[in-house]
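Engineer: Build me a structure from this.
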Amino acid sequence: MALSNSIFLKDGTAQGVAKQRLIETLAEPDKRVIIDTHAERFVIGASFVKLMGHKLNVWLAQKIAPGFHEHIISRTRFIDELIKTSSTDGAEQYVILGAGYDLRAHRLNLPSSLRIFEVDQPEVQNRKRSKLPKELLNSTNVTYVTVDFTHQSLTKQLVDAGFNRRKSTIFTLEGVSQYITKEAISSTIQEIASLTQAASSTFFISYVDESLEKNPEACFGKGYPKAAKRAKLITNLSAKAGEPWISFYSAEEIESLLSQNGYSVKENVTLENLNSHYFAPVGRALPENEIFKLEHFVVAQSHFGSKPIE
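Structural biologist: Now for the predicted structure:
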């Protein structure tokens, strides 16, 4: 079973995440957690967002869902650090699945020896490339891999684009698992595991906690205002935008799924864990009643590395 087309068509979501990166970039240099000088190119109404400034934008976000902005930024920073550490520790390839408006290839000052593959549908990729400065498009270590899953294989397209099955690789699948079926996620992980049997690999995936449906208060910090109503609001807004959340997981379910495909979970964290690491040092630590922790960030390491390719 091939990857689902729906993984790669989340332009509205991609714009929303880019907006949060833009807002964070507007913070004072000693107060911001990440910086993305290109994010504004992908945000509708970017000039208005910039006019409002960081504090007002974050204040407005707090009115809708306390901690939402910090949640997105903590996820961004967490993956940033994972990629930088992995490239320092010997990762030779980085595959961004459903890259959308991800700009890590251009903003993290990654080593030129790290081969980066941005995988997406041609329409989304063309839109992204049309908005990037021309000098960025000429980055020699970035390869754009277009995949039409109605008749193309991810494995074939990656290998044809120069992916080396014998080189250590890190894969990221950020902010999409809730939008697609569990079967699509399972088949994605299976294909990645098969693709990397001859080398070590690291896999990042984020997922929405199943408690969102069963016990929404558990997805927020103690005392979070109107947690159940806000959980419903968040899911309703996504559905109205044409991107309903359909898949939710427990930590045990994710761990089992990864284990079946030769991966061991090394980290499973949320904003609750990262608040003190990222926001406290810049004087922006959130109180318990503003902690937004419905999405988990998972890092898994493969057991492979010595198997011959069959």
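Engineer: Show the backbone phi and psi for the nearest residue to Tyr224 once chain neighbours are set aside.
Structural biologist: In space, and not counting its chain neighbours, Tyr224 is closest to Asn289: 5.3 Å by C-beta to C-beta, 6 or more residues apart in numbering. No exception for glycine: its C-beta is placed from N, CA and C like everyone else's. Note on Asn289: its backbone torsions stand at phi -80, psi 10 [degrees, to the nearest 10].
Engineer: Quick check, Gly162 in contact with Tyr144.
Structural biologist: No - with contact defined as C-beta atoms under 8 Å, Gly162 and Tyr144 do not form a contacting pair (11.4 Å).
Engineer: So those two - more neighbours on which side?
Structural biologist: Tyr144 (18 against 11; other C-beta atoms under 10 Å).
Engineer: So that one belongs to a strand, correct?
Structural biologist: Yes - applying DSSP: H, G, I helix; E, B strand; the rest coil, one finds Tyr144 inside a strand.
Engineer: That one bridge partners, please.
Structural biologist: Tyr144 has these beta-bridge partners by DSSP bridges: Glu118.
Engineer: for it, what are its contacts?
Structural biologist: With contacts taken as C-beta atoms under 8 Å, 6 or more residues apart in numbering, Tyr144 has the following neighbours: 118, 120, 125, 129.
Engineer: Out of those residues, which end up buried?
Structural biologist: When the contacts of Tyr144 are checked for burial by 16 or more other C-beta atoms under 10 Å, the buried set is 118, 120, 125.
Engineer: Need the pLDDT of the last one.
Structural biologist: Reported pLDDT at Gln125 in the predicted model: 90.
Engineer: and Leu237, how many neighbours?
Structural biologist: Using other C-beta under 10 Å, the number of residues around Leu237 comes to 13.
Engineer: so it, which of the three states?
Structural biologist: Leu237 carries the three-state label helix when classified by three-state DSSP.
Engineer: And Glu135, how close does it get to Glu81?
Structural biologist: According to C-beta to C-beta, to the nearest Å, Glu135 stands 26 Å off from Glu81.
Engineer: again but with Glu28, I slipped
Structural biologist: Note on Glu28: its distance to Glu81, by C-beta to C-beta, is 21 Å.
Engineer: Looking at those two, which one has more neighbours?
Structural biologist: Summary of the neighbour comparison: Glu28 and Glu81, criterion other C-beta under 10 Å, with Glu81 having more neighbours (14 against 9).
Engineer: so where does the more buried one fall, helix or strand?
Structural biologist: Taking DSSP states H and E as the definition, one finds Glu81 inside helix 68-88.
Engineer: Show me which residues of that helix are buried.
Structural biologist: Along helix 68-88, the positions that meet the burial threshold by neighbour count (16+ other C-beta under 10 Å) are 68-80, 82-84, 86-87.
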